[in-house]
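S.K.: take this sequence and fold it.
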Amino acid sequence: MDVGWIVAIVIVLFWASRCLNVLREYERAVVFRLGRLQKPDKGPGWIFVLWPIDKWVRVSLRLVTWDIPPQDVITKDNVSLKVSAVVYFRVINAQQAVVELENYRYAIEQLAQTTLRSVLGEVEMDDLLSQREKLNTRLQTILDEHTEPWGIKVSKVEVRQVDLPQEMQRSIAAQAEAERERRAKIIHADAEYQASAKLLEAANVIAKEPIAITLRYLQTLVEIGTEKNTTVIFPVPVELLSALMGKLLSPPGEAQK
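M.R.: Have a look, this model is predicted:
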């Protein structure tokens, strides 16, 4: 075989290797032919790119998880915090993501940091700690509105950690302790009220049936008798003691009468 044919075959094989490419299921190729965008994007599987006329960019359509580094945030009530979060996003339209942005991932990262500081700066610290779900939804909505024209979908935003100053941690701990003491006092007062109501009902029953107090005496004796002790109790009616005390405290003239 002539040397020229060998060289030609080698050149053709080299050119074919540059033109034929394999893309995975989650990848797409955005192709530019002489600088002009070719529609639609190619992939997955085998794709043919007319090299060197065509230039192409590989774009992944998988979900990307990015940790927002701790951001210095000043809340609406002037509390300085460090807040970190995580953003989940994916490319929906590969051509828009490549054409509209120089580096779509860098743009998302910068936009997420700015939006996090802006949104959390409009709420108070108590809302940041107690209404995190609402803030996550608001952050996701704002980011998604900005990234939709870029062909990128922000599926979720989660505020992951809020670092409080030591002084604020002590204040929150004191507030929580005071709240627990308040609840304990309310529960104790409610228990006292319920006990007094039950005692009033018992007193009304005994007033209607005086024999009930005698039954209580007998029940008390039975309870004491079950224990092994030497204590002997003689129940004395309260009416008898009242009569004796009345005679002792009455004037001498009335006592003689």
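
S.K.: all the helices of the chain, residue numbers only.
M.R.: 3-19, 94-100, 104-120, 125-130, 132-147, 166-208, 211-225, 238-249, 252-256 (DSSP state H).

S.K.: and the third one with helix 132-147, angle?
M.R.: Taking axes from the mean of the first three to the mean of the last three Cα atoms, to 10 degrees, helix 104-120 and helix 132-147 form an angle of 140 degrees between their directions.

S.K.: I'd say Glu122 and Lys76 touch.
M.R.: Yes: here Glu122 reaches Lys76: they are 6.0 Å apart, a contact under Cβ atoms under 8 Å. No exception for glycine: its C-beta is placed from N, CA and C like everyone else's.

S.K.: now for the protein, the helix or strand with the poorest mean pLDDT.
M.R.: Here the helix or strand of the chain ranked lowest by mean pLDDT, DSSP states H and E is helix 252-256, holding a mean of 53.

S.K.: what stretches of this structure score poorly on pLDDT?
M.R.: For the chain, applying pLDDT under 70 flags the ranges 1-2, 165-175, 217, 221, 224-257.

S.K.: number of nearby residues for Lys82?
M.R.: 14 (other Cβ atoms under 10 Å).

S.K.: tell me what it is bridged to.
M.R.: Beta-bridge pairing for Lys82 (DSSP bridges): Asp72, Asp163.

S.K.: that older thread, packed most tightly, which of the helices of the chain would that be?
M.R.: Burial of the helices of the chain is given as mean neighbour count (mean count of other Cβ atoms under 10 Å); helix 94-100 ranks first at a mean of 19.

S.K.: and that one, what does it pack onto?
M.R.: With contacts taken as 3 or more Cβ pairs under 8 Å, 6 or more residues apart in numbering; DSSP states H and E, helix 94-100 sits against strand 27-33, strand 36-42, strand 54-60.

S.K.: how far does it sit from the chain's center?
M.R.: Distance, stretch centre to chain centre, for helix 94-100: 35 Å (Cα atoms, centre = their mean, to the nearest Å).

S.K.: number the chain from 22, please
M.R.: Yep, numbering from 22; the last one is helix 115-121 now.

S.K.: just the helices and strands packed on helix 115-121: most buried one?
M.R.: Among those, highest average neighbours (mean count of other Cβ under 10 Å) belong to strand 48-54, with a mean of 20.

S.K.: for that strand, give me every contacting residue.
M.R.: With Cβ atoms under 8 Å, 6 or more residues apart in numbering as the test, strand 48-54 has contacts from 42, 44, 58-59, 62-65, 68, 70-71, 74-82, 115-116, 119-120.

S.K.: and if we set it to 10 Å?
M.R.: Residues from elsewhere that reach strand 48-54 (Cβ atoms under 10 Å, 6 or more residues apart in numbering): 42, 44, 58-66, 68-71, 74-83, 112, 114-120.

S.K.: and it with strand 57-63, angle?
M.R.: Put simply, strand 48-54 runs at 160 degrees to strand 57-63, going by the same axes, to 10 degrees.

S.K.: each with direction, which strands does strand 48-54 pair with?
M.R.: Paired strands of strand 48-54, with direction, are strand 57-63 (antiparallel), strand 75-81 (antiparallel) (DSSP bridges).

S.K.: how far does it sit from the chain's center?
M.R.: Distance of strand 48-54 from its chain centroid, counting by Cα atoms, centre = their mean, is 41 Å.

S.K.: and if you look at stretch 115-128?
M.R.: With Cα atoms, centre = their mean as the basis, the mean position of stretch 115-128 lies at 32 Å from the chain mean.

S.K.: now do the end-to-end distance for it.
M.R.: 15 Å (Cα to Cα, to the nearest Å).

S.K.: same check, this time on stretch 34-49
M.R.: From its first residue to its last, stretch 34-49 covers 24 Å (Cα to Cα).

S.K.: what pairs with Ala69 across the strands?
M.R.: Just to correct that, residue 69 is Phe rather than Ala. Counting by DSSP bridges, Phe69 forms beta bridges with Leu41.

S.K.: contact partners for it?
M.R.: With Cβ under 10 Å, 6+ apart, Phe69 has these contacts: Ala37, Cys40, Leu41, Asn42, Val52, Lys63, Asp75.
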